[in-house]
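Take this sequence and fold it.
(chains A and B)
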Amino acid sequence: GQNIDQPTEMTATEGAIVQINCTYQTSGFNGLFWYQQHAGEAPTFLSYNVLDGLEEKGRFSSFLSRSKGYSYLLLKELQMKDSASYLCAVRPYNTNAGKSTFGDGTTLTVKP
Amino acid sequence: SQTIHQWPATLVQPVGSPLSLECTVEGTSNPNLYWYRQAAGRGLQLLFYSVGIGQISSEVPQNLSASRPQDRQFILSSKKLLLSDSGFYLCAWSVQASTNSPLHFGNGTRLTVT
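Numbers count the residues shown, from 1 in each chain, chains lettered A, B, ... in the order given. The predicted structure follows:
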């Protein structure tokens, strides 16, 4: 089966750095995705990792350790608009279907 | 550029009534198509996916069904809605046979079954 764990909620201060962790146990691994979802809206793609290491995209970075089944999303210079849910998703199978399994998401609240 | 359209945005339906949600994708060919459902405060649950016209795979047993009558059209249906069908329904597409292609979501349909 597939199991993806994330903290339910986190709170951070505007301008600070926050790290959102994700651990996974899946029957296969073909990439890990992070999505951002504002309340009432659809998720939007943030980052993709398939090899170990850090991927940086502006204020957002994502790290992967395949041997540990672990990833984190790092948000720097937090802004109020970063208040959202952050979803970790694993693509376990290398098939045409491209299915992804999602964690329940981490709701981040950024305070002034 | 690619776009995905999903409608309606909100829907209130009585128990036992039928359902039809439609999703279309523009600007790409032969995409993988998906229907996900999200319960309040939860992650996304994959309901159906399709790798081609008429090819539908169901992930969870339920009273919903899906169809793909055209390459870029994906429909979610039910003959008789249950209270438990309430939720946020999201259509998505990805590039077929590409493991690094993310999901691109439509704006979602918030369904309330009363």
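
can you pull the contacts of the residue most central in space within chain B?
With distances taken as CA atoms, centre = their mean, the residue of chain B nearest its centroid is B:Trp35 (2.8 Å). Contact analysis of B:Trp35 by CB atoms under 8 Å, 6 or more residues apart in numbering or on different chains lists B:Leu21, B:Cys23, B:Leu46, B:Leu47, B:Phe48, B:Tyr49, B:Ala66, B:Phe74, B:Leu76, B:Tyr89, B:Leu90, B:Cys91. Quick note: C-beta positions are derived from backbone N, CA and C, even for glycine.

Could I get those residues in CSV, plus columns for neighbour count?
Compiled in CSV, the contacts of B:Trp35 are given as follows (neighbours: other CB atoms under 10 Å in any protein chain shown):
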residue, neighbour count
B:Leu21, 22
B:Cys23, 26
B:Leu46, 19
B:Leu47, 20
B:Phe48, 24
B:Tyr49, 24
B:Ala66, 21
B:Phe74, 29
B:Leu76, 22
B:Tyr89, 23
B:Leu90, 24
B:Cys91, 30
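
Turn these into JSON lines, columns for secondary structure and pLDDT.
Shown next, in JSON lines, are those (DSSP: H, G, I helix; E, B strand; the rest coil; pLDDT from 0 to 100):
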{"residue": "B:Leu21", "secondary structure": "strand", "pLDDT": "97"}
{"residue": "B:Cys23", "secondary structure": "strand", "pLDDT": "96"}
{"residue": "B:Leu46", "secondary structure": "strand", "pLDDT": "92"}
{"residue": "B:Leu47", "secondary structure": "strand", "pLDDT": "94"}
{"residue": "B:Phe48", "secondary structure": "strand", "pLDDT": "94"}
{"residue": "B:Tyr49", "secondary structure": "strand", "pLDDT": "93"}
{"residue": "B:Ala66", "secondary structure": "strand", "pLDDT": "96"}
{"residue": "B:Phe74", "secondary structure": "strand", "pLDDT": "97"}
{"residue": "B:Leu76", "secondary structure": "strand", "pLDDT": "97"}
{"residue": "B:Tyr89", "secondary structure": "strand", "pLDDT": "97"}
{"residue": "B:Leu90", "secondary structure": "strand", "pLDDT": "97"}
{"residue": "B:Cys91", "secondary structure": "strand", "pLDDT": "97"}
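
Would you check which of these are in contact with chain A?
Among the contacts of B:Trp35, the ones lying near chain A by CB under 8 Å from any CB of the partner chain are B:Leu46, B:Tyr49, B:Leu90.

Show me which of those residues is closest to A:Glu9.
Ranked by distance to A:Glu9 (CB to CB), the ones next to chain A among the contacts of B:Trp35 are led by B:Leu90 at 22.0 Å.

partners of that closest one in the sheet?
Taking DSSP bridges as the rule, B:Leu90 bridges to B:Tyr36.

How confident was the prediction at the residue nearest to the centre of chain B?
You'll see B:Trp35 listed with a pLDDT of 96.

B:Ser58 reaches B:Phe48, doesn't it?
Yes: under the criterion of CB atoms under 8 Å, B:Ser58 makes contact with B:Phe48 at 5.6 Å.

Common neighbours of these two, please.
Jointly contacting B:Ser58 and B:Phe48 under the rule CB under 8 Å, 6+ apart are B:Ala66.

now the strands for the chain?
With no chain named, the answer covers chain A. Applying DSSP state E to chain A gives strands spanning A:3-5, A:9-13, A:18-25, A:32-37, A:44-49, A:53-57, A:60-65, A:70-75, A:84-90, A:101-102, A:106-111.

To clarify, I was referring to chain B.
In chain order, chain B shows strands spanning B:3-7, B:10-13, B:19-26, B:32-38, B:44-52, B:55-58, B:64-70, B:73-78, B:87-94, B:104-105, B:109-113, with DSSP E as the criterion.
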